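**Student:** following is a predicted model, sequence given first.
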Amino acid sequence: TILGRPFGASRQIMGISGGQNALEHAPLVAMMLRQDCDLEGVLNCGHIRVCARAALDFHGSPRRLLVARLTEQPGAREDVAAQLGELAEVLDGMLHTSRPDRGPWMWPLHNSQTSVAL
């Protein structure tokens, strides 16, 4: 669980039409950032929804874990790969200097529905 909710449980953020491969939610990404990073820009960005954040230790290095998705936007892309690409591009632009020197940085979080849509 993250922040007291089962991981992946959330309100519907973006309804995407598309038959059996339709997604209930926009895809998520997780990011591991340096502990001293400034999250103000991401938290105040109307284009990104931070779903969870936590302080953690990664092999003796203090880090922040952030889980985010795109917010619902008029005319949003329905293609899951395009959404993930857009999300990665926006977050990389905002948080590139907050990347840790070593270890993981950003990765998609897929459930079975997202995997099928991809």
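**Tutor:** All right, it came through fine.

**Student:** isn't residue 42 up against residue 50?
**Tutor:** Yes. Under the criterion of C-beta atoms under 8 Å, residue 42 makes contact with residue 50 at 6.3 Å. (Glycine included, C-beta is placed from N, CA and C.)

**Student:** more neighbours: which of these two?
**Tutor:** residue 42 (22 against 13; other C-beta atoms under 10 Å).

**Student:** what helix or strand is the more buried one located in?
**Tutor:** helix 40-43 (DSSP states H and E).

**Student:** repeat for residue 107
**Tutor:** With DSSP H and E as the test, residue 107 turns up in strand 106-109.

**Student:** what's the mean pLDDT across that strand?
**Tutor:** The average pLDDT for strand 106-109 rounds to 88.

**Student:** what does stretch 64-74 contact?
**Tutor:** 2, 13-14, 25-35, 37, 39, 42, 46-56, 76, 83, 86-87, 90-91, 109 (C-beta atoms under 8 Å, 6 or more residues apart in numbering).

**Student:** can you select the buried ones among those residues for me in PyMOL?
**Tutor:** The PyMOL selection below is limited to those of those classed as buried (16 or more other C-beta atoms under 10 Å):
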select buried, resi 13+14+25+26+27+28+29+30+31+32+33+34+37+42+48+49+51+52+53+76+83+86+87+90+91
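
**Student:** now, the contacts of stretch 64-74 that are in strands?
**Tutor:** 28-34, 48-56, 109 (DSSP state E).

**Student:** the closest residue to residue 46 other than its chain neighbours: neighbour count?
**Tutor:** Of all residues not flanking residue 46 in the chain, residue 71 sits nearest, at 6.6 Å (C-beta to C-beta, 6 or more residues apart in numbering). Residues lying near residue 71 (other C-beta under 10 Å) number 14.

**Student:** can you read off the pLDDT for residue 71?
**Tutor:** 84.

**Student:** ok, the one 4 residues further on next?
**Tutor:** Model confidence at residue 75, expressed as pLDDT, equals 61.

**Student:** one more: residue 68?
**Tutor:** 90.
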